[in-house]
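> just a sequence and a predicted model for now, questions to come.
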Amino acid sequence: MKTITISEDSTEIRALLEQARSEDVIVRLADGSKFILSAVDDFDVEVAQTRRNEKLMALLDERAKQTQTIPLDEVKR
């Protein structure tokens, strides 16, 4: 994920960002490309970074495939 700082002179971009504070905004270019502009908090950033962690995602995928479980009584023993 890349962070870009917007200058004070970018009034049109700042207006879009203000709209995105209250609701997600879809920006459509003349060629039909679409982008979503959404306010994020630190948790959103952390989730996005975690999803890009290939080793963690591989581990979670592998664990999700496991079907065998250990009964609670056995764990307590």
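Structure received. Numbers count the residues shown, from 1 in each chain.

> rest of the way, CA atoms for contacts and neighbours
Fine.

> distance of S10 relative to M57?
Using CA to CA, to the nearest Å, S10 is found at 38 Å from M57.

> and Q68, by the same measure?
20 Å.

> hang on, S38 packs against V27?
No: at 10.7 Å, S38 does not count as touching V27 under the criterion of CA atoms under 8 Å.

> which of these two has more neighbours?
Between S38 and V27, S38 has the larger neighbour count (other CA atoms under 10 Å), namely 16 against 12.

> tell me how far that one lies from R28.
From S38 across to R28, the span is 14 Å (CA to CA).

> again, but for E62
According to CA to CA, E62 stands 38 Å off from R28.

> quick check: mean pLDDT across stretch 20-37?
Averaged over stretch 20-37, pLDDT sits at 94.

> got the buried residues for that stretch?
By 16 or more other CA atoms under 10 Å, the buried positions in stretch 20-37 come out as 20, 25, 37.

> let's have those in JSON lines, adding secondary structure.
Output for these, formatted as JSON lines (DSSP: H, G, I helix; E, B strand; the rest coil):
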{"residue": "A20", "secondary structure": "helix"}
{"residue": "V25", "secondary structure": "strand"}
{"residue": "L37", "secondary structure": "strand"}
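
> against E12, how distant is A20?
13 Å.

> also L59?
L59 sits at a distance of 44 Å from E12 (criterion: CA to CA).

> V47 now?
29 Å.

> ok, back up a step: more neighbours: which of S10 and M57?
Counted by other CA under 10 Å, S10 and M57 do not tie: M57 has more neighbours, with 13 against 9.

> wait, the more buried one touches R51, no?
Yes: counting by CA under 8 Å, M57 touches R51, with 6.8 Å between them.

> neighbours of A39, just the number please.
Residues contacting A39 under the criterion other CA under 10 Å number 14.

> whoops, E74 was the one
Other residues near E74 number 7, with proximity taken as other CA under 10 Å.

> what residues of whatever helix or strand it lives in count as buried?
Element membership of E74, judged by DSSP states H and E, is helix 72-76. Residues of helix 72-76 include none that count as buried (16+ other CA under 10 Å).

> appreciated, that's everything.
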